[in-house]
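Visitor: any chance you could fold what I've pasted below:
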Amino acid sequence: MTNFQKAIIAFLTVVALSLIAVIIWIIPKWDQPLGPSLQEALTVTPFGLPATWTPDPNATATHLAPPTLVPLIQASPLPTITPNIGLCGAPAVMNILVVGSDSRVDSYKYGLADVIRLVRVNFVSPQVTILEIPRDLWVEIPDIADNLDGQDHEKLNQAYLYGNKGYGYTDDPAEGPGLLSRTLELNFGTQIDHYAAINMKTFAGIVDAVGGIDVDLPRAVDGRTEDDKSRRLIFAEGKHHLDGNRALTLARIRNSGVFNRAENQNRVLCALRDKVTSPKVITKIPELIKSFQGSVQTDLSPSQIGQLACIGVQIRSENIRFAAFPQELFKQTRIYDPVFKKRLFVWDVDYNILREYIAQFQAGTWPMISGTPEDKDEVPFCP
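Guide: I've put the predicted structure just below:
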């Protein structure tokens, strides 16, 4: 395909998106959120305070010395941005909490937060940055102490489970995503505008609905374990066209480590983004929204989803950046959990360092958007 042909396709895609946006904006119901809005955390506990419950002194792992802060690359100060002047009729910046639930059923009654991502969308100079938040962080979770005999700490992924209807440990109308959002705010100072949570069955259905995705693996992925030696867990190096179940399988393989798992998840997300913003699919977005309405937990309105689709085709590949905290900050350890009555794997890490990274992420100063990454923690998976 020539550059001229690519330019024509891009132009027609933008025209199609503009028409979709007009249709969305003139229909009042398309401005209504599809789910309850987020609430703010009411209090912030200073770092260093212990949980209100007393762990077993013989079972709790000794806390490791905090690692040395890895200097962040400082960007130039951002210009002052007036709200609501972004492209596609959107605000200048939108911060979205994206959650992948490990539940395999249609409902969102139960399920842990298997995937946690902070997504920052810049609608002024089209850019998207996506930060992985490790799920095995030992955090304070609001609202749960009364249901857990005074224990107010658990793994981060538990916040989503405890907030949904199955446990219902919170009165937050946004349920699991709401409690997880307030947990992130309480522990790390995040600023989240919206949320979108999806379970495994719905994710596979969305991939199938757009005709599958194309993923190019730089190296083979072997997810076989002692308990499951099926060849469906093997992905050869190179290009793959994946249906929903295969895409889900690749994203969930974890025996090569949590950081490699996150890389594969990011490749799947990139591939899905490419497919959704392709000319063949973009005109079907209103139909897709309607068909999956009620199958996703989100407070985004259809018009805001249209804004995200609109900006998606205007973002250059080099302006989509996936980021992760430096691996050297994390040490494996175990902590005794009175709820499960056993020692659980958690990450030992200085939360003040994570707060600093998140603050710079949400300010748009990390990771740097610059064509070719200069930081090993900035991974440009989108080709």
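
Visitor: when you work out contacts or count neighbours from here on, use the C-alpha atoms and nothing else.
Guide: Fine.

Visitor: now do the same contact list for residue 116.
Guide: The contact partners of residue 116, by Cα atoms under 8 Å, 6 or more residues apart in numbering, come to 97, 98, 99, 100, 132, 133, 134, 135.

Visitor: at 7 Å what do you get?
Guide: Contacts for residue 116 (Cα atoms under 7 Å, 6 or more residues apart in numbering) come out as 98, 99, 100, 132, 133, 135.

Visitor: how close does the residue nearest in space to the middle of the chain sit to residue 284?
Guide: The chain has residue 117 as the residue nearest its centroid, 2.1 Å off, counting by Cα atoms, centre = their mean. Residue 117 sits at a distance of 26 Å from residue 284 (criterion: Cα to Cα, to the nearest Å).

Visitor: list just the nearest of the contacts of residue 116 to residue 198.
Guide: Distance to residue 198, by Cα to Cα, is smallest for residue 100 among these, at 5.2 Å.

Visitor: wait, isn't the closest one in contact with residue 113?
Guide: Yes - counting by Cα atoms under 7 Å, residue 100 touches residue 113, with 5.8 Å between them.

Visitor: need the contacts of residue 116 in CSV with distance to residue 203 and secondary structure, can you?
Guide: Listed next are these as CSV, based on distance: Cα to Cα, whole Å; DSSP: H, G, I helix; E, B strand; the rest coil:
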residue, distance to residue 203, secondary structure
98, 12, strand
99, 11, strand
100, 8, strand
132, 18, strand
133, 19, coil
135, 19, coil
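
Visitor: which of those residues count as buried?
Guide: 98, 99, 100, 132, 133, 135 (16 or more other Cα atoms under 10 Å).

Visitor: tell me the contacts of the nearest residue to residue 87 once chain neighbours are set aside?
Guide: Nearest residue to residue 87, sequence neighbours excluded (Cα to Cα, 6 or more residues apart in numbering): residue 123, at 5.3 Å. Residue 123 makes contacts with 86, 87, 90, 91, 92, 93, 311, as judged by Cα under 7 Å, 6+ apart.

Visitor: what do you get if the cut-off is 6 Å, keeping everything else the same?
Guide: Residues in contact with residue 123 (Cα atoms under 6 Å, 6 or more residues apart in numbering) are 86, 87, 92, 93.

Visitor: spit out the contact partners of the first one.
Guide: Read that as residue 86. Contacts of residue 86 by Cα under 6 Å, 6+ apart are 92, 123, 124.

Visitor: ok, residue 183 touching residue 141?
Guide: Yes - the pair residue 183 / residue 141 is scored as a contact, 5.3 Å apart, by Cα atoms under 6 Å.

Visitor: identify the contacts common to the two.
Guide: With Cα under 6 Å, 6+ apart, residue 183 and residue 141 have no common neighbours.

Visitor: before we move on, the earlier item: ranking the contacts of residue 123 by neighbours, who comes first?
Guide: Neighbour counts for these (other Cα atoms under 10 Å) peak at residue 93, which has 24 neighbours.

Visitor: shouldn't it be in contact with residue 122?
Guide: Yes - using Cα under 6 Å, residue 93 is in contact with residue 122, at 4.7 Å.

Visitor: these two touch, right, residue 145 and residue 154?
Guide: No - if you go by Cα under 6 Å, residue 145 and residue 154 don't touch, sitting 10.3 Å apart.

Visitor: quick one: which of those two has more around it?
Guide: residue 154 (21 against 17).

Visitor: just checking: what are the partner strands of the helix or strand hosting the more buried one?
Guide: Taking DSSP states H and E as the definition, residue 154 sits inside strand 153-155. Strand pairing for strand 153-155, determined by DSSP bridges: strand 138-140 (antiparallel).

Visitor: hey, where'd the helices end up in the protein?
Guide: Secondary structure of the chain (DSSP state H): helices located at 3-26, 156-163, 175-188, 200-209, 244-252, 258-276, 279-282, 285-292, 302-312, 351-363.

Visitor: any idea of the mean pLDDT in the longest one?
Guide: Confidence for helix 3-26, expressed as mean pLDDT, is 49.

Visitor: one more: the fourth one?
Guide: Averaged over helix 200-209, pLDDT sits at 88.

Visitor: that one - contacts with which helices or strands?
Guide: helix 244-252 (3 or more Cα pairs under 6 Å, 6 or more residues apart in numbering; DSSP states H and E).

Visitor: the helix it packs on to helix 258-276, inter-axis angle?
Guide: Here helix 244-252 points in a direction 150 degrees away from that of helix 258-276 (axes from the mean of the first three to the mean of the last three Cα atoms, to 10 degrees).

Visitor: returning to that earlier point: make TSV out of the buried ones among the contacts of residue 116 and add pLDDT and distance to residue 231.
Guide: Listed next are the buried ones among the contacts of residue 116 as TSV, based on pLDDT from 0 to 100; distance: Cα to Cα, whole Å:
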residue	pLDDT	distance to residue 231
98	95	30
99	95	28
100	92	25
132	94	28
133	97	30
135	95	28
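
Visitor: dump the residues you listed to TSV, plus distance to residue 355.
Guide: Below are the buried ones among the contacts of residue 116 laid out as TSV (distance: Cα to Cα, whole Å):
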residue	distance to residue 355
98	19
99	20
100	22
132	13
133	11
135	15
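
Visitor: list just the nearest of those residues to residue 194.
Guide: residue 98 (8.7 Å).

Visitor: surely residue 32 is in contact with residue 303?
Guide: No - checked against Cα under 6 Å, the pair residue 32 and residue 303 is beyond contact range at 8.2 Å.

Visitor: that's all I had, so thanks and see you.
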